[in-house]
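1. Sequence plus predicted model, see below.
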Amino acid sequence: MSAPHRIYFIPGMFGFGRLAGYDYFTHVRTALEQRYAAAGIPVTFEDVPSPPTSSLRIRSRVLATTVTRTASRDDGPIHLVGHSTGGLDVRLVMSPSANLGLPPDLMAFRSRVRTAVTVNAPHYGTPLAGYFATVSGTRVLYALSLLTVVSLSVGEPSLALFSRVLSGVGSIDSLFGGDMKLVSRVTDSILRYVDRDTREEIHQFLSKVRVDQGGVIQIMPEAMDLFNAATENNYGVRYACIASAAPRPRSLRFARRIRSPYAAFTAALYSTLYQFSSQHRKVYPYARATPRQSELFRAGIDEPVDETSNDGIVPTLSMLWGELLWAGEADHLDVLGHFGDDQEPAEHMDWVTSGARFTRRRFGALVDAIARFQLG
C-alpha cells in the first residue's frame with residue numbers, strides 16, 4: 001500500500017488548530033477526508049499549533065518543526081493548506097531563500113510538498129492590520145480573539161448566555177473606543193459559562209495574543225510589499241488560492257432587526273471591520289485579477305470586485321496567489337465551514353453575521369476544488 005498523502009492545516013491570526021475541545025478545521029477535514037476516500041487514496045491530517053499573533057518567522061518555524069516531527073514516518077506527498085495568515089506561513093516556509101534559523105534537516109520535508117493552497121490569505125496585506133497595531137486596535141484584536149474562540153468552541157446552548165453578556169456591552173462603539181477594563185470585564189463574564197479546564201485553555205490562548213503581536217504589523221500592506229519582494233515561490237510546488245468577498249454593510253439597520261443579541265452584535269462588529277478592511281492605499285496595490293480570475297469572480301460574487309471588496313478581514317484582491325480555485329460570496333470564516341447552516345440537522349455554526357449567502361452546496365464546491373487540485 002502506498003504511503004498516505006499528508007495534509008497540514010495552518011491557522012491564521014486569532015485562529016487555532018484545536019482548542020477547548022474544538023477542531024478549527026473540522027469541516028474542511030471531514031469534507032476532504034470524504035473526497036480522498038471516494039478517490040481510494042489514503043490520507044492523514046495534522047493541525048499546526050501556530051501561535052496566534054506571533055511574527056511570520058516564528059509561526060513558520062512552528063510549521064516546519066511540526067511537519068518534520070509528524071511526516072518522518074513515511075515518504076508520502078505533503079499538502080499545505082493555510083487559512084488567512086497561515087497562507088503566508090506556507091509561502092515563507094517553502095521559499096528557497098527563506099532563513100528561518102533552522103538546521104537543514106528540519107527543512108528537508110520541502111522536497112515532498114506537492115501543493116500549497118492559501119485560503120483568504122492577505123498576500124498583499126490588509127489595512128485592518130494598521131488599525132490592530134494601534135492601542136485601541138490591540139484591545140479589539142484581543143476581544144475578537146475571544147469572540148472567535150468562544151463562539152466556535154462553546155456553541156449552543158452556552159452561546160445564548162454569551163449573547164446576553166455581549167448585549168450588556170452596549171453599542172459597538174463602546175468596545176472599539178473603550179478601555180481594556182471593559183474588555184476584561186466581558187472576558188471574565190463570558191468565561192464563567194465554561195468549565196475550569198476549558199477556561200484555562202482559553203486564558204492561555206489569549207495570553208499569547210497579549211504577549212506577542214509581532215505578526216500584526218507584518219501583514220500591513222507596507223510590510224507585505226517587502227515580504228513579496230523577498231519571498232520566492234518554490235518551483236517544485238503548485239500554488240493555488242481560495243478567495244471570497246462578503247456583502248458590503250450599507251447600513252446597520254439590518255442588525256437591529258436580528259432577534260439574537262449575539263447576531264446583532266457580530267453584525268455591527270462585521271460592519272466596522274469591513275470598513276477598516278476596505279481602506280485601500282493606491283501606493284501599495286493588490287493583485288490584478290487575470291481574465292480567468294475575473295471570470296470566476298463574476299460567476300461567484302454578485303457585486304463587482306474592486307480594491308475595497310473584502311471578507312471582513314482581508315481584501316479580496318489581496319487573496320490572489322497562484323491558481324484561483326474557487327471564488328464566491330463568503331466572509332472570513334465561512335470558507336472554513338463556519339457559516340449559518342441552510343439545512344437540517346444543522347452541522348455548521350456561524351461566527352459572525354455578515355449577510356453572506358454561504359451554503360453547504362457552496363462549501364462543497366470549494367472543498368471539491370481543493371481536493372481536485374491536490375490530487376491533480
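-> Noted; the coordinates are in hand. Numbers count the residues shown, from 1 in each chain.
2. now the chain, which segments are flagged as low pLDDT?
-> 1, 19-21, 135, 150-195, 251-262 (pLDDT under 70).
3. switch the cut-off to 50
-> Across the chain, the ranges flagged by pLDDT under 50 are 156-158, 168-170, 252-253, 255.
4. which residues of the stretch 1-150 of the chain fall in helices?
-> Using DSSP state H, counting those that start in this stretch, the helices of the stretch 1-150 of the chain run over 26-38, 56-71, 85-94, 128-132, 135-153.
5. Can you name every helix or strand that the first one contacts?
-> Read it as helix 26-38. Helices and strands touching helix 26-38, by 3 or more Cβ pairs under 8 Å, 6 or more residues apart in numbering; DSSP states H and E, are strand 5-10, strand 43-47, helix 360-375. Every residue, glycine included, has its C-beta placed from N, CA and C.
6. Also the third one?
-> Helices and strands in packing contact with helix 85-94 are listed as strand 5-10, helix 56-71, strand 78-83, strand 113-119; criterion 3+ Cβ pairs under 8 Å, 6+ apart.
7. So which elements touch the longest one?
-> Just to be clear, that refers to helix 56-71. strand 5-10, strand 43-47, strand 78-83, helix 85-94, helix 214-218.
8. ok, now the last one?
-> Counting contacts by 3+ Cβ pairs under 8 Å, 6+ apart, strand 113-119 packs against strand 78-83, helix 85-94, strand 238-245, helix 360-375.
9. Could you do the third one as well?
-> With contacts defined as 3+ Cβ pairs under 8 Å, 6+ apart, the packing partners of strand 78-83 are strand 5-10, helix 56-71, helix 85-94, strand 113-119.
10. now do 10 Å
-> In this structure, strand 78-83 makes packing contacts with strand 5-10, helix 26-38, strand 43-47, helix 56-71, helix 85-94, strand 113-119, strand 238-245, helix 360-375, judged by 3 or more Cβ pairs under 10 Å, 6 or more residues apart in numbering; DSSP states H and E.
11. And for the first one?
-> Under the contact definition 3+ Cβ pairs under 10 Å, 6+ apart, strand 5-10 sits against helix 26-38, strand 43-47, helix 56-71, strand 78-83, helix 85-94, strand 113-119, helix 360-375.
12. What residues of the third one count as buried?
-> Translated: helix 56-71. Using 16 or more other Cβ atoms under 10 Å as the test for burial, helix 56-71 gives 56-64, 66-68, 71.
13. Same list (the helices of the stretch 1-150 of the chain) but as CSV, adding distance to E307.
-> Shown next, in CSV, are these (distance: least, Cβ to Cβ, whole Å):
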stretch, distance to E307
helix 26-38, 28
helix 56-71, 23
helix 85-94, 20
helix 128-132, 14
helix 135-153, 21
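14. Out of those helices, the one nearest T44 is which?
-> T44 sits nearest to helix 56-71 of all those, at 8.5 Å, using Cβ to Cβ.
15. And the nearest residue to K282 once chain neighbours are set aside, how far from L317?
-> Take K282 and drop its neighbours on the chain: the residue closest to it by Cβ to Cβ, 6 or more residues apart in numbering is E307, 7.9 Å away. According to Cβ to Cβ, to the nearest Å, E307 and L317 sit 6 Å apart.
16. what touches both of those two?
-> In the contact map built from Cβ atoms under 10 Å, 6 or more residues apart in numbering, the residues linked to both E307 and L317 are H280, P285, Y286.
17. filter those residues to the buried ones?
-> H280, Y286.
18. just curious, which of the shared contacts of E307 and L317 is nearest to A346?
-> Closest to A346, out of all of the shared contacts of E307 and L317 and judged by Cβ to Cβ, is Y286, at 35.3 Å.
19. how near is the closest one to M224?
-> 10 Å.
20. Apart from its neighbours in sequence, what residue is nearest I10?
-> G86 (3.3 Å).
21. picking up where we left off before, of the helices and strands packed on strand 5-10, flag the one that's most buried.
-> Ranked by mean neighbour count, the helices and strands packed on strand 5-10 are led by helix 85-94 with a mean of 27 (mean count of other Cβ atoms under 10 Å).
22. Is it correct that R73 is in contact with E46?
-> No - contact criterion Cβ atoms under 10 Å: R73 and E46 do not qualify, at 11.7 Å.
23. Residues that sit against both of those two, list them.
-> In contact with both R73 and E46: R6, using Cβ under 10 Å, 6+ apart.
24. And L147, how far from N120?
-> 18 Å.
25. Looking at those two, which is more packed in?
-> N120 (32 against 23; other Cβ atoms under 10 Å).
26. Quick one: the helices and strands packed on strand 78-83 as JSON lines, columns for distance to R139 too.
-> As requested, the helices and strands packed on strand 78-83 are exported to JSON lines (distance: least, Cβ to Cβ, whole Å):
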{"stretch": "strand 5-10", "distance to R139": "26"}
{"stretch": "helix 26-38", "distance to R139": "29"}
{"stretch": "strand 43-47", "distance to R139": "28"}
{"stretch": "helix 56-71", "distance to R139": "22"}
{"stretch": "helix 85-94", "distance to R139": "20"}
{"stretch": "strand 113-119", "distance to R139": "27"}
{"stretch": "strand 238-245", "distance to R139": "27"}
{"stretch": "helix 360-375", "distance to R139": "33"}
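27. Since that was my last question, I'll sign off now.
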